[in-house]
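Visitor: kindly return the folded structure for what I paste below:
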Amino acid sequence: MSGVLTWDEYAQHSAARLAAAFGTFGNSEATAATCRNKAASRAAFAAAGVPSAASIRVDTLDQALAAAESIGYPVVVKPAAGAGSIGVRRADGSSDLADAYARATAHADDGFGVLVEEHLDGPEVSVECVTALGVTMPVAVTRKSLGPAPYFEETGHSVEARDPLLALVGPVAVQALDAVGFANGVSHVEMRLVDGGSTPRLIEVNGRLGGDLIPHLVREATGIDLPLAAADIALGLQPDLTATRRRAAAIHMAYAPATGGLTRATANPALHEQPWLERLVWEKQSGDHVALPPAGDLGTARVAHLVATAATAEICLQHLADAAHHLDVTVD
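Guide: The predicted structure is shown next:
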């Protein structure tokens, strides 16, 4: 028994091609290409009537300026194929657009170009879904915390078992996955809640497991093992989606306070004794260089991450907010 799967955004097409070559359970190369190319995804959403952001693909700054005028400021400028919000910036007017376009272009893959999109104002969430033989089950909602504008750095996520929001966003995620032809695997469908949080609008479909330990949060909160489900599906087995826990889990990513050399990265020893702390992992150490946007991204700016578990997401987030005061992170 064999199968092919990937958790890497940039390896989706290769995984689809290998699954087809080996005759195992995966997605078509066309689906993988559509998931990777946000312009193609937007076209698929529009054709299927899935609510999404207005979006225009551009190849020059003049085209970007015209697209922004057509859509209306503020706009979001992003690489058409990317991950981790790298190269993504909001532009509030034409004076911001040149910088936003240059940033997106610097991170754009050859041939994919840059997108200028409608800025959706509202909370950002993702829906973690499991699809086997074309049938999708939305499993959990991840609520996100973002850093300050104009960038879209993700600073935290929370998952709560039986989140009532799943009833609103789950069907939209299913429609989006159907629109791109997603047939097998675990996906991470991002959207924003506009109109005061009542209306989901699609940001993108990621045809792989979510990053930032989101599958770990889902397992801690619900007991559902998304990586195991992905492996089962790749092998042609029916995944076990039985929820065995009813609690919450959240992660906080600690960023450096400024760009520079990291001179101190420690935590109050008492923090490790807290029963709610599932883990504290340092990603950088004293002596490392750290860089915040626009000079850097999540790979250069994050110093540590902490995971909390508790009865509700609200309690988890409060624990993590308190814990942030017990981290000592300084740069020169």
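Visitor: which strands and helices sit next to the helix ranked longest in the chain?
Guide: In the chain, taking DSSP state H as the definition, the longest helix is helix 166-180. Helices and strands in packing contact with helix 166-180 are listed as helix 29-36, helix 38-48, strand 124-132, strand 135-146, strand 185-194, strand 199-206; criterion 3 or more Cβ pairs under 8 Å, 6 or more residues apart in numbering; DSSP states H and E. In short, each C-beta sits where N, CA and C put it, glycine included.
Visitor: and the ones you listed as CSV, adding mean pLDDT and distance to D332?
Guide: As requested, these are arranged in CSV below (pLDDT from 0 to 100; distance: least, Cβ to Cβ, whole Å):
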stretch, mean pLDDT, distance to D332
helix 29-36, 93, 40
helix 38-48, 93, 38
strand 124-132, 97, 34
strand 135-146, 97, 27
strand 185-194, 97, 36
strand 199-206, 94, 37
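Visitor: which stretch among those comes nearest H157?
Guide: Ranking the helices and strands packed on helix 166-180 by their distance to H157 (criterion: Cβ to Cβ) puts strand 135-146 first, at 5.0 Å.
Visitor: partners of the closest one, with directions?
Guide: In the sheet containing strand 135-146, its partner strands are strand 124-132 (antiparallel), strand 154-160 (antiparallel), by DSSP bridges.
Visitor: please spell out which residues along it are buried.
Guide: Neighbour-count burial for strand 135-146 flags 136, 138-145 (criterion: 16 or more other Cβ atoms under 10 Å).
Visitor: now stretch 233-240
Guide: Here stretch 233-240 shows 233-234, 239 as buried, counting by 16+ other Cβ under 10 Å.
Visitor: cool, stretch 148-167 as well?
Guide: By neighbour count, with 16+ other Cβ under 10 Å as the criterion, the buried positions of stretch 148-167 are 150-161, 163, 165-166.
Visitor: tell me which two of those sit farthest apart.
Guide: For those, with distances taken as Cβ to Cβ, the pair at the greatest spread is P150 and A161 (34.3 Å).
Visitor: after the lowest-mean-pLDDT helix or strand in the chain comes which helix or strand?
Guide: Of all the helices and strands that make up the chain, the one with the lowest confidence by mean pLDDT, DSSP states H and E is helix 298-301; it has a mean of 85. For helix 298-301, the succeeding helix or strand toward the C-terminus, using DSSP states H and E, is strand 302-310.
Visitor: and for that following strand, what are the contacting residues?
Guide: Residues outside strand 302-310 that contact it (Cβ atoms under 8 Å, 6 or more residues apart in numbering) are 212-213, 216-217, 220-221, 247-256, 262, 265, 267, 276-284, 290, 316-317, 319-320, 323, 327, 329.
Visitor: okay, now the sheet partners of that strand, with direction.
Guide: Paired strands of strand 302-310, defined by DSSP bridges, are strand 248-255 (antiparallel), strand 277-282 (antiparallel).
Visitor: before we move on, the earlier item: out of the strands paired with strand 135-146, which is closest to L115?
Guide: Proximity to L115, assessed across the strands paired with strand 135-146 by Cβ to Cβ, is greatest for strand 124-132 (17.0 Å).
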